[in-house]
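Peer 1: Mind looking at a prediction? Sequence and model below.
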Amino acid sequence: MDKITDVCILAFCWLVASVPLFTSGAATVALFQFTLKQAEDEESYAVRSFCASFARNFKSATALWLLFVLGGAFLAIDFYVLFFYAVPKPIRIAAFAAAACLTFLYAASFCWAFPLIAYFTIPVRKALHDALILGIRHIGTTLCVFAVYAFFAWASYMRPFASPVLLALSLFVSSYFFRRVFNALSSEVSP
């Protein structure tokens, strides 16, 4: 029960830290850093840990967040053009298939990149590269995390006032999946 209470407290911290939208990446990494530690019962003081992680990862997490915002905007424009402009049918089908594949790769990278920075403290370029590889290599985990996020997105739609807490709970639940993979990766690298 203490873990859920900490997650609820950190949901408020995440919300406050994300008020300027460009800091959402740093807030998400800080929240992930705490929930990844919770998954192994290594957590410390919630708010102090969140604030320290936010400050430590601000630059890289904000850069990563802005890259994902630009990538999402690019994909949104692609789909807008495909749906609302007169494009010949064969080209539309091929372009839609390509955009759908790119969207999956984008979503898989988005899903893994923030926990990677939170757990390993790696540069943005390596986080993007490794997130894409892990998203494909561990497709089962990626799909499970997508299911967790989809469930909590649905719950947020049903209860919008609880969205920050539901977001934090989704990161908490997904941290168990990520931690299993990260522990395996750490044991592969260690002698």
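Peer 2: Sure, I can see it. Residues are numbered from 1 along each chain as shown.
Peer 1: switch to C-alpha atoms for all contacts and neighbour counts from now on
Peer 2: Will do.
Peer 1: so what's residue 52 up against?
Peer 2: Counting by CA atoms under 8 Å, 6 or more residues apart in numbering, residue 52 makes contact with residue 30.
Peer 1: Quick check: phi and psi on it?
Peer 2: Dihedral pair for residue 52: phi -70, psi -40, per degrees, to the nearest 10.
Peer 1: Next, the contact list for the closest residue to residue 122 other than its chain neighbours, please.
Peer 2: Spatial nearest neighbour of residue 122, excluding adjacent residues (CA to CA, 6 or more residues apart in numbering): residue 116 at 7.4 Å. Residues counted as contacts of residue 116 (CA under 8 Å, 6+ apart) are 122, 127, 131.
Peer 1: separation between the first one and residue 169?
Peer 2: Remark: distance between residue 122 and residue 169 (CA to CA, to the nearest Å) = 25 Å.
Peer 1: just residue 14 next, same as before
Peer 2: 12 Å.
Peer 1: if you count what's nearby, which of the two comes out ahead?
Peer 2: residue 14 (28 against 21; other CA atoms under 10 Å).
Peer 1: just for the protein, where's the confidence low?
Peer 2: 1, 188-191 (pLDDT under 70).
Peer 1: quick one, helices of it?
Peer 2: Assignment of helices within the chain using DSSP state H yields the ranges 2-17, 24-38, 46-56, 58-84, 89-120, 124-137, 139-158, 163-189.
Peer 1: Go through those helices and pick out the most buried.
Peer 2: Highest mean neighbour count among the helices of the chain (mean count of other CA atoms under 10 Å): helix 24-38, with a mean of 27.
Peer 1: How far off centre is that one?
Peer 2: Relative to the chain's own centre, helix 24-38 is displaced by 9 Å; criterion: CA atoms, centre = their mean, to the nearest Å.
Peer 1: Ok, stretch 81-95 next?
Peer 2: What separates the centre of stretch 81-95 from the centre of its chain is 30 Å, taken as CA atoms, centre = their mean.
Peer 1: Please state the offset of stretch 42-62 from the chain centre?
Peer 2: That offset, for stretch 42-62, works out to 15 Å (CA atoms, centre = their mean).
Peer 1: Then stretch 78-86?
Peer 2: For stretch 78-86, the distance to the chain centre is 27 Å (CA atoms, centre = their mean).
Peer 1: do the same with stretch 87-107
Peer 2: With CA atoms, centre = their mean as the basis, stretch 87-107 stands 23 Å off its chain's centre.
Peer 1: Convert the C-alpha atoms of that stretch to CSV, please.
Peer 2: Provided in CSV are the C-alpha atoms of stretch 87-107 (Å, rounded to 0.1, in the frame of the first residue of the first chain):
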residue,chain,number,x,y,z
VAL,A,87,-3.9,10.9,-53.2
PRO,A,88,-4.2,8.1,-55.7
LYS,A,89,-5.4,4.9,-54.1
PRO,A,90,-2.3,2.7,-54.8
ILE,A,91,0.0,5.4,-53.4
ARG,A,92,-2.4,6.0,-50.4
ILE,A,93,-2.3,2.3,-49.5
ALA,A,94,1.5,2.1,-49.7
ALA,A,95,1.9,5.3,-47.8
PHE,A,96,-0.6,4.2,-45.2
ALA,A,97,1.3,0.9,-44.7
ALA,A,98,4.6,2.8,-44.4
ALA,A,99,3.1,5.3,-42.0
ALA,A,100,1.6,2.5,-39.9
CYS,A,101,5.0,0.8,-39.6
LEU,A,102,6.7,4.0,-38.7
THR,A,103,4.0,4.7,-36.1
PHE,A,104,4.6,1.3,-34.5
LEU,A,105,8.4,1.9,-34.4
TYR,A,106,7.8,5.4,-33.0
ALA,A,107,5.5,4.0,-30.3
